[in-house]
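Visitor: whatever this is, show me its structure:
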Amino acid sequence: MKERFKRYLEQQFRAIRPTMAAMEYREKMLRRLMDRAQELRIKGMDDEDLIYDMCIDELGDFGATLAAFDEEEHKVANAKRNAVLGAVCGVGAALALVVVYLIVSFLVPGSWGLTWLILVGGAFAAVIAVAVVLLVKFGKNKKYIPMRLMPVVVIVLLCVYLFLLLQLVAKVDMAWLVFLAMVIMIAAFDAVLAFITEFKFRWVELPVAIEIVCVMLYVILGIVLGSVFWHPGWLLCLGGVVAAIAEAIAIIATRNSKKDKKEKSRLTDKYIKEDESYYTMWKD
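Guide: I've put the predicted structure just below:
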């Protein structure tokens, strides 16, 4: 019996790649078949051909099982290779960044106080790359809550680095306004993702995001334009309220329209049934 099982498994396993994992899986399947055959003998079955056929039948579509096993092993192998390649590329990029930092620092007089931004930029870029990869991964796995956190990480790091460049390199007086713009970008981007992922409370989040954007714009424009804008500009803060009212009207109108369609459909069915009963109803 054991030799028959071996021949069957040898034939089946020729369809996949001859890896160490496949060899271990083949040994596991042989033990499983032998154990099952022994169980059938204990139950009183003595026909070896019948035992063999039953054990093989219990494997189901074994070719498909092996194909799935081989594909999964290939994915794992690719993941390992990609991880090694990513680590090597990361180390290479870090070393290249350090070399650039040293070259610029030595060649440009008095630049030591700013060239550290090169290293910070490299570190930020690495974190952003990881966040983007996780964003795609979480999106594919439909893990929408951690997915929506990734753009926040990206936006915050980009705004912090932009602030450092504007403040330290370009010497812009109101570079800190970048952080107010950062709030606008986070609110707007998260609202878009809420609709893309069909978040349950997206219609509640939308007017909140609009109000945040309006308030931040009001503050930014008020600071930039001064007293000319402060007094009439406060009307901008009503944007979220207006959006919420417009949204409520749209939702109510949509629901009423759906109810009207259902009611019309119900009445149409009723009349059809009544007309039919007219032709089939008798007094006696």
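
Visitor: next up, the contacts around the residue nearest the centre of the chain.
Guide: When CA atoms, centre = their mean is applied to the chain, the residue found nearest the centroid is Gly139 (1.4 Å). By CB atoms under 8 Å, 6 or more residues apart in numbering, the residues touching Gly139 are Met147. In short, each C-beta sits where N, CA and C put it, glycine included.

Visitor: that one: what secondary structure?
Guide: Applying DSSP: H, G, I helix; E, B strand; the rest coil to Gly139 yields a three-state assignment of helix.

Visitor: from Arg148, how far off is it?
Guide: Noted for Gly139: a distance of 10 Å to Arg148, by CB to CB, to the nearest Å.

Visitor: Ala187 now?
Guide: 12 Å.

Visitor: repeat for Leu40
Guide: Spatial separation of Leu40 from Arg148 under the definition CB to CB is 54 Å.

Visitor: so where's the chain uncertain?
Guide: 77, 79, 267, 269-284 (pLDDT under 70).

Visitor: so where do the helices sit in it?
Guide: Assigned by DSSP state H, the helices in the chain fall at 2-13, 20-42, 48-57, 62-107, 116-140, 144-164, 177-196, 202-225, 227-233, 239-280.

Visitor: what helices or strands is the third one leaning on?
Guide: Translated: helix 48-57. Helix 48-57 is packed against helix 2-13, helix 20-42, with contacts defined by 3 or more CB pairs under 8 Å, 6 or more residues apart in numbering; DSSP states H and E.

Visitor: list of residues touching it?
Guide: Residues from elsewhere that reach helix 48-57, judged by CB under 8 Å, 6+ apart: Met1, Arg4, Phe5, Tyr8, Leu33, Arg36, Ala37, Leu40, Arg41, Met45, Phe62.

Visitor: most neighbours, which of these?
Guide: Ranked by the number of neighbours (other CB atoms under 10 Å), these place Leu33 first, at 23 neighbours.

Visitor: right, and that one touches Arg4 too?
Guide: No: under the contact definition of CB atoms under 8 Å, Leu33 does not touch Arg4, with a separation of 9.3 Å.

Visitor: give the residues shared as contacts by the two.
Guide: In contact with both Leu33 and Arg4: no residue, using CB under 8 Å, 6+ apart.

Visitor: how far out from the middle of the chain is stretch 10-21?
Guide: 35 Å (CA atoms, centre = their mean, to the nearest Å).

Visitor: repeat for stretch 159-179
Guide: That offset, for stretch 159-179, works out to 31 Å (CA atoms, centre = their mean).

Visitor: begin at 49 from here
Guide: All set: I'll call the first residue 49, so the last point we hit is now stretch 207-227.

Visitor: can I get stretch 64-79 as PDB, trimmed to CA atoms?
Guide: This file holds the C-alpha atoms of stretch 64-79, laid out as PDB (Å, rounded to 0.1, in the frame of the first residue of the first chain):
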ATOM      1  CA  ILE A  64       5.000  21.600  -9.300                       C
ATOM      2  CA  ARG A  65       8.500  22.800  -8.600                       C
ATOM      3  CA  PRO A  66      10.900  20.400  -6.800                       C
ATOM      4  CA  THR A  67      11.600  22.600  -3.700                       C
ATOM      5  CA  MET A  68      12.400  21.500  -0.200                       C
ATOM      6  CA  ALA A  69       9.000  22.700   0.900                       C
ATOM      7  CA  ALA A  70       7.400  20.500  -1.700                       C
ATOM      8  CA  MET A  71       9.400  17.500  -0.500                       C
ATOM      9  CA  GLU A  72       8.300  18.100   3.000                       C
ATOM     10  CA  TYR A  73       4.700  18.400   1.900                       C
ATOM     11  CA  ARG A  74       4.900  15.200   0.000                       C
ATOM     12  CA  GLU A  75       6.200  13.300   3.000                       C
ATOM     13  CA  LYS A  76       3.400  14.800   5.100                       C
ATOM     14  CA  MET A  77       0.800  13.700   2.600                       C
ATOM     15  CA  LEU A  78       2.200  10.100   2.600                       C
ATOM     16  CA  ARG A  79       1.900   9.900   6.400                       C
END
